[in-house]
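Chemist: Here is the input, now give the coordinates:
(one chain, ligands or ions: 2)
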Amino acid sequence: MIGGGGREHALAWKLAQSPGLSKLYAAPGNPGIARHAECVALDVGDHPAVVSFARKRGVGLVVVGPEAPLVAGLADALRAADVPVFGPSAAAARLEGSKGFTKELCAAAGIPTAVFVRARSREEARAALSRFGVPVVVKADGLAAGKGVVVAATAAEAEEAVDRLFAESGAEAVIEEFLEGEEASLFVLADRTSAVPFGSARDHKRVGEGDTGPNTGGMGAYSPAADVLTPELEARAMREIVAPTLAALAARGTPYSGVLYAGLMLTRAGPKLIEYNARFGDPEAQVVLPLFKGDLLELLLAAAEGRLAEAPPPRFARGAALTVVVAARGYPRAPAAGGAIERVEQAEAAGALVFHAGTARGADGALRASGGRVLAVTGLGSDLAEARARAYAAVALIRFADGFHRQDIGGRALAGGEGER
Ligand code: AMP
Ligand code: GLY
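Modeler: Ligands and ions are numbered 1, 2, ... in the order given. Model prediction:
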């Protein structure tokens, strides 16, 4: 397994439950993952080194967690060496790597998404703004870890966002129509020729209570997204968005294999695509995987080997999962490093799953923060209220003086009110 965050801890935890697993290596892994895998110091940017490691150890499947190695072509390098890999090629991962690519694919295939203009200079972007009202959305084209998007409420804010984008990255912008509705994430496993839904979730992207403050990678999530994504809407999203996307990629000779994460806006006119990601969500994996009832290794291997159509359809536990991200003070701007973390065992004993996202062990063996998002604490329950109570009860047991978390994950769904924003 490639990666070392909370998503990868959830993957490792679930993979370790597969009877077919003989040995799990994680590169680079983290202290939580180390309970399920041997962590190895491989440079995942060095593709020949990863291929050579996999061959020498007789690795039967490589699961790639994060997007960066996929966009960089790690899956291609492994496939070229006949190492089975769960994750898309660089060409297919452009769905996440380039918003402009995805928008143009949507336009060509008639996939519902926000009206957009691609701009390659500040002047083009400024001119494009005049074609939209406000609010309007300004996005940087490349990978930006959720930080490259500005929803501008006024023309002045939009212009400022455009100026900043071209001053900083100098690259390319997508200006698009603001979509109104509830957001939900749909996960789909694909193997070049077939695809199957693999759970849904809702993220909480803003750093502060009540969805305030800057965007983050995600401060908490729950699964399933049943309060807004009905089975009918999910089927419609599969039919109108996911299936034509996979067909368009296959027709271009770059079929998709791996997990496709569709970020959806459920508008009055139906589901529309906000964005695609080429991997599981983080922290969405920390709620989707604990509800999955099957053998993850077998399923991911079936996807990697193009046997998804023969595998039994994925089944999920009834009930819900909710995860609360505990972040280091200062996240997302300047997270405090090195804060001591204690009493994780007590939180686990209380019945929660504690996934390590940004932790490291000091020379003394003590657990310390080493990233912005530090832990993801997941509660499971027969319904969302129970899952939430279990997650927060466990968070309260953890001692992490330099940390903070949102108190309101899942709050609006339980209040039966509006979703994010
Ligand atoms: P993205 O990185 O494209 O997922 O965008 C990050 C967040 O910005 C999304 O989760 C939405 O909350 C918001 N967003 C992005 N595009 C739009 C849009 N066209 N309309 C409304 N909100 C959007
Ligand atoms: N939690 C959002 C993401 O993984 O992209």
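Chemist: Leaving out sequence neighbours, find the closest residue to residue 197.
Modeler: Excluding the flanking residues, the one nearest residue 197 by Cβ to Cβ, 6 or more residues apart in numbering is residue 188, at 5.7 Å. Bear in mind the C-beta positions are built from the backbone N, C-alpha and C, glycine included.
Chemist: can you pull the contacts of the one you found?
Modeler: Applying Cβ atoms under 8 Å, 6 or more residues apart in numbering to residue 188 gives the contacts 195, 196, 197, 198, 238, 242, 259, 260, 261, 262.
Chemist: per-residue confidence at the residue nearest the centre of the chain?
Modeler: In the chain, the C-alpha nearest the mean C-alpha coordinate belongs to residue 281, at 1.6 Å (Cα atoms, centre = their mean). Residue 281 carries a pLDDT value of 98.
Chemist: Next, the contact list for it, please.
Modeler: Per Cβ under 8 Å, 6+ apart, neighbours of residue 281: 7, 185, 187, 201, 203, 218, 221, 261, 288.
Chemist: do residue 301 as well
Modeler: By Cβ under 8 Å, 6+ apart, the neighbours of residue 301 are 20, 60, 61, 84, 86.
Chemist: List only those of the residues you listed flagged as buried.
Modeler: 61, 84, 86 (16 or more other Cβ atoms under 10 Å).
Chemist: these two touch, right, the last one and residue 60?
Modeler: Right, residue 86. No - the criterion here is Cβ atoms under 8 Å, and residue 86 misses it with residue 60 at 11.3 Å.
Chemist: picking that back up, next, work out how far apart the residue nearest to the centre of the chain and residue 288 are.
Modeler: 8 Å (Cβ to Cβ, to the nearest Å).
Chemist: Overlap of the contact sets of those two?
Modeler: 187, 201.
Chemist: Look up the pLDDT of residue 416 for me, please.
Modeler: pLDDT, read off for residue 416, is 77.
Chemist: List the residues that contact it.
Modeler: residue 227 are the contacts of residue 416 under Cβ under 8 Å, 6+ apart.
Chemist: circling back: among the contacts of residue 188, which are in strands?
Modeler: 195, 196, 197, 198, 259, 260, 261, 262 (DSSP state E).
Chemist: okay if I get those residues as a markdown table plus neighbour count and pLDDT?
Modeler: As requested, the ones in strands among the contacts of residue 188 are exported to a markdown table (neighbours: other Cβ atoms under 10 Å; pLDDT from 0 to 100):
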| residue | neighbour count | pLDDT |
| --- | --- | --- |
| 195 | 21 | 96 |
| 196 | 19 | 97 |
| 197 | 19 | 98 |
| 198 | 22 | 98 |
| 259 | 25 | 98 |
| 260 | 25 | 98 |
| 261 | 24 | 98 |
| 262 | 23 | 98 |
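Chemist: Can you tell me which of the residues you listed is nearest residue 336?
Modeler: Closest approach between the ones in strands among the contacts of residue 188 and residue 336, by Cβ to Cβ: residue 261, at 29.6 Å.
Chemist: Relative to residue 202, how far out is residue 70?
Modeler: Residue 70 is 24 Å from residue 202, where distance means Cβ to Cβ.
Chemist: same check, this time on residue 171
Modeler: 30 Å.
Chemist: Comparing the two, which residue is more hemmed in?
Modeler: Applying other Cβ atoms under 10 Å to residue 171 and residue 202 shows that residue 202 carries more neighbours, namely 27 against 13.
Chemist: Determine the three-state secondary structure at that one.
Modeler: strand (DSSP: H, G, I helix; E, B strand; the rest coil).
Chemist: My guess is it contacts residue 221. True?
Modeler: Yes - assessed by Cβ under 8 Å, residue 202 is found in contact with residue 221 at 6.2 Å.
Chemist: per-residue confidence at residue 404?
Modeler: At residue 404, pLDDT is 98.
Chemist: next one: residue 249
Modeler: 98.
Chemist: element containing it, please.
Modeler: helix 243-251 (DSSP states H and E).
Chemist: next one: residue 229
Modeler: With DSSP H and E as the criterion, residue 229 is inside neither a helix nor a strand.
Chemist: ok, and the closest non-adjacent residue to it?
Modeler: Nearest one to residue 229, counting by Cβ to Cβ, 6+ apart, is residue 184 at 4.2 Å.
Chemist: so does the helix or strand containing that neighbour get close to ligand 2?
Modeler: In this structure, residue 184 sits in strand 182-191 according to DSSP H and E. No - judged by Cβ under 6 Å from any ligand atom, strand 182-191 and ligand 2 are separated, with a smallest distance of 7.5 Å.
Chemist: Closest residue of the stretch 201-350 of the chain to ligand 1?
Modeler: residue 275 (3.6 Å; Cβ to the nearest ligand atom).
Chemist: Quick one: neighbours of that residue, just the number.
Modeler: Look at residue 275: counted by other Cβ under 10 Å, it has 21 neighbours.
Chemist: I figured it hits residue 102, correct?
Modeler: Yes - contact criterion Cβ under 8 Å: residue 275 and residue 102 qualify, at 7.0 Å.
Chemist: overlap in contacts of those two?
Modeler: Common neighbours of residue 275 and residue 102 (Cβ under 8 Å, 6+ apart) are residue 96.
Chemist: Can you pull out the low-pLDDT segments for this protein?
Modeler: The chain contains residues with pLDDT under 70 at 142-147, 169-170, 417-421.
Chemist: Ligand 2 contacts on that one?
Modeler: 146, 203, 217, 218, 277, 281, 282, 284.
Chemist: Skipping its backbone neighbours, what lies nearest the fifth one in space?
Modeler: Of all residues not flanking residue 277 in the chain, residue 261 sits nearest, at 3.9 Å (Cβ to Cβ, 6+ apart).
Chemist: If that neighbour is in a bridge, with which residues?
Modeler: Residue 261 forms beta bridges with residue 187, residue 277, as assigned by DSSP bridges.
Chemist: ok, it - contacts?
Modeler: Residue 261 sits in contact with 185, 186, 187, 188, 276, 277, 278, 279, 280, 281, 284, where contact means Cβ under 8 Å, 6+ apart.
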